[in-house]
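Return atomic coordinates for the entry below.
(chains A, B, C and D)
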There are 2 protein chains.
Amino acid sequence: MYLPVDAAAPSGLNRAMSDPLDTVFAAIADPTRRAILSMLLEDDMAVTDVAEPFEMSLAAISKHLAILTRAGLISQERRGRVKWCKLEPDALRDASIWMQSFGQFEAVNLDAFERFLAAELGHDG
Amino acid sequence: MYLPVDAAAPSGLNRAMSDPLDTVFAAIADPTRRAILSMLLEDDMAVTDVAEPFEMSLAAISKHLAILTRAGLISQERRGRVKWCKLEPDALRDASIWMQSFGQFEAVNLDAFERFLAAELGHDG
DNA sequence: ATGACGCTCAACCGGATGGTTGAATATGGC
DNA sequence: GCCATATTCAACCATCCGGTTGAGCGTCAT
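Residues are numbered from 1 along each chain as shown, chains lettered A, B, ... in the order given. Presented below is the predicted three-dimensional model:
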């Protein structure tokens, strides 16, 4: 129930099987992509606008966005010639839960956090 | 402050700067390493015992353990000729906090969130 | 229709990653 | 001292990753 799933079968069966956790954690392991997620926290953005503050090519940012999309962390909707990027925070939830399973640190547990959010937002987002 | 740090400076300054979050997330992006962490959740283990259920060489596992150690996720204490591996769950805490800052966010009062975190983390053991 | 804009594709590059093998370096037991 | 055990080191390999550049493609404006 609370145990990380692939712990039960380290038998190489899950090799190259691409657990969603793989892609999510790999996606947020890159500082550029974390920065992008932070930007999208504030607002949906077009690809060009996402790329603007970075000192790398548009193509590079486009690749980063593709990786984030594949991980389910953002979604991209094309409107006209502009592609809008939107944060999809739900994708982090499973990863977060996995981490919580190690949660002796129990510093921020989901229950407390959600109570906090409920109090803050007045709804259960 | 409380928000993902590199969000403020996506200016390429943090390139090759090796944010701890980079190493932690990269470490747990690998299913083998996640499985190892799960195993260590139950008990401290010697390197050979960690390697036993996997279908890969001892040297490979040794490398994985080195990566987990560098990320601070485990510690290794040599006793005699045996090196014992111990889970260090605290290393996941910052990563967890970073993730939760995204998880649910819509329009949370960040100041309140910071106070919440301060209160929660204040009593760390 | 032409051209600027927004974005992706394709090819390429250097460096990291994840694995292998075989040798090397302790340490412990007899 | 000698051998087995526990672990790492070193070299090597294939593949992936993050970046570049330049061309290509769809879309909007004139």
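
Quick check: the residue of chain A found nearest DNA strand D vs A:L87, distance?
Closest residue of chain A to DNA strand D, C-beta to the nearest atom of the strand: A:G80 (2.2 Å). Backbone N, C-alpha and C define where each C-beta goes, glycine included. Distance from A:G80 to A:L87, counting by C-beta to C-beta, to the nearest Å: 21 Å.

So which of the two has more stuff around it?
For A:G80 versus A:L87, the count of surrounding residues by other C-beta atoms under 10 Å in any protein chain shown is larger for A:L87: 23 against 6.

OK, contacts around that one?
A:37, A:40-41, A:44, A:73-74, B:102 (C-beta atoms under 8 Å, 6 or more residues apart in numbering or on different chains).

Beta-bridge partners for it, please?
Using DSSP bridges, the beta-bridge partners of A:L87 come out as A:I74.

And it, how far from A:S38?
From A:L87 to A:S38 the distance is 9 Å (C-beta to C-beta).

A:S57 too?
20 Å.

ok, these two, which is more surrounded?
Neighbour comparison, A:S57 and A:S38: the larger count goes to A:S38, with 20 against 10 (by other C-beta under 10 Å).

give me phi/psi at A:R78?
The phi and psi values for A:R78, taken as degrees, to the nearest 10, are phi -80, psi 120.

and the residue lying closest to it once chain neighbours are set aside, what is it in contact with?
In this structure, A:R78 finds its nearest non-sequential neighbour in A:W84, 7.7 Å apart by C-beta to C-beta, 6 or more residues apart in numbering or on different chains. By C-beta under 8 Å, 6+ apart, the residues touching A:W84 are A:44-46, A:76-78.

doesn't A:W84 fall inside a strand?
Yes - assessed by DSSP: H, G, I helix; E, B strand; the rest coil, A:W84 belongs to a strand.

What confidence value was assigned to it?
Listed pLDDT for A:W84 reads 98.

Just the CA atoms of the helix or strand A:L41 falls within, as CSV, please.
Assessed by DSSP states H and E, A:L41 sits inside helix A:31-42. The C-alpha trace of helix A:31-42 is given here as CSV (Å, rounded to 0.1, in the frame of the first residue of the first chain):
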residue,chain,number,x,y,z
PRO,A,31,17.1,23.1,-13.0
THR,A,32,15.9,24.7,-16.3
ARG,A,33,12.8,22.7,-16.2
ARG,A,34,12.2,23.4,-12.6
ALA,A,35,12.5,27.1,-13.4
ILE,A,36,10.0,26.7,-16.2
LEU,A,37,7.6,25.0,-13.9
SER,A,38,8.0,27.9,-11.4
MET,A,39,7.2,30.4,-14.1
LEU,A,40,4.1,28.5,-15.2
LEU,A,41,3.0,28.5,-11.6
GLU,A,42,2.2,32.2,-12.1
